[in-house]
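K.L.:
Everything below, folded, please.
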Amino acid sequence: MILEAAMLHIKPGMTEAFEVSFKKASPLISSIEGYLGHELQKCLEDDHKYLLLVRWRSLEDHTVLFRESPEYTEWKALLHHYYHPFPVVEHFARIELE
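P.N.:
So this is what the prediction gives:
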């Protein structure tokens, strides 16, 4: 499993609209093969900052299957205009401790 993490900085005055748009966009990402789940968390110290976490079966499920899909085009149209600056997206793999 791969964990995608992105810190989202939302333009001032747009957080409520962003949350509505994110709810509309969520079915787009969840329809992609290899998608395992996602969550959006709002920062307690900065109400314009959100943490997006998405679990994927593999890196390619995100970087190829999703990002090259028509669903991603819709995702971008719904969400990308809220971000400033544009988020850095990173991918993580779990380290087994035992």
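
K.L.:
C-alpha from now on. contacts and neighbour counts both.
P.N.:
OK.

K.L.:
What are the boundaries of the strands in this structure?
P.N.:
Counting by DSSP state E, the segments of the chain that form strands are 2-9, 35-42, 49-56, 89-93.

K.L.:
Just put those strands in CSV and tack on mean neighbour count and mean pLDDT.
P.N.:
Converted to CSV, the strands of the chain look like this (neighbours: other Cα atoms under 10 Å; pLDDT from 0 to 100):
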stretch, mean neighbour count, mean pLDDT
strand 2-9, 19, 98
strand 35-42, 15, 98
strand 49-56, 19, 98
strand 89-93, 12, 98
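
K.L.:
and residue 20, which of those is closest to it?
P.N.:
strand 35-42 (12.2 Å; Cα to Cα).

K.L.:
Sheet-wise, list the partners of the closest one with their directions.
P.N.:
Strand 35-42 sits in its sheet next to strand 49-56 (antiparallel), going by DSSP bridges.

K.L.:
what sits up against the partner strand?
P.N.:
1-10, 34-43, 62 (Cα atoms under 8 Å, 6 or more residues apart in numbering).

K.L.:
Now with 6 Å, please.
P.N.:
1-9, 34-43 (Cα atoms under 6 Å, 6 or more residues apart in numbering).

K.L.:
you'd agree residue 3 is up against residue 92?
P.N.:
Yes - under the criterion of Cα atoms under 6 Å, residue 3 makes contact with residue 92 at 5.0 Å.

K.L.:
Let me know the distance separating the nearest residue to residue 54 once chain neighbours are set aside from residue 98.
P.N.:
Nearest residue to residue 54 in three dimensions, chain neighbours excluded: residue 38, at 4.2 Å (Cα to Cα, 6 or more residues apart in numbering). Going from residue 38 to residue 98 by Cα to Cα, to the nearest Å gives 26 Å.

K.L.:
Many thanks, I have nothing further to ask.
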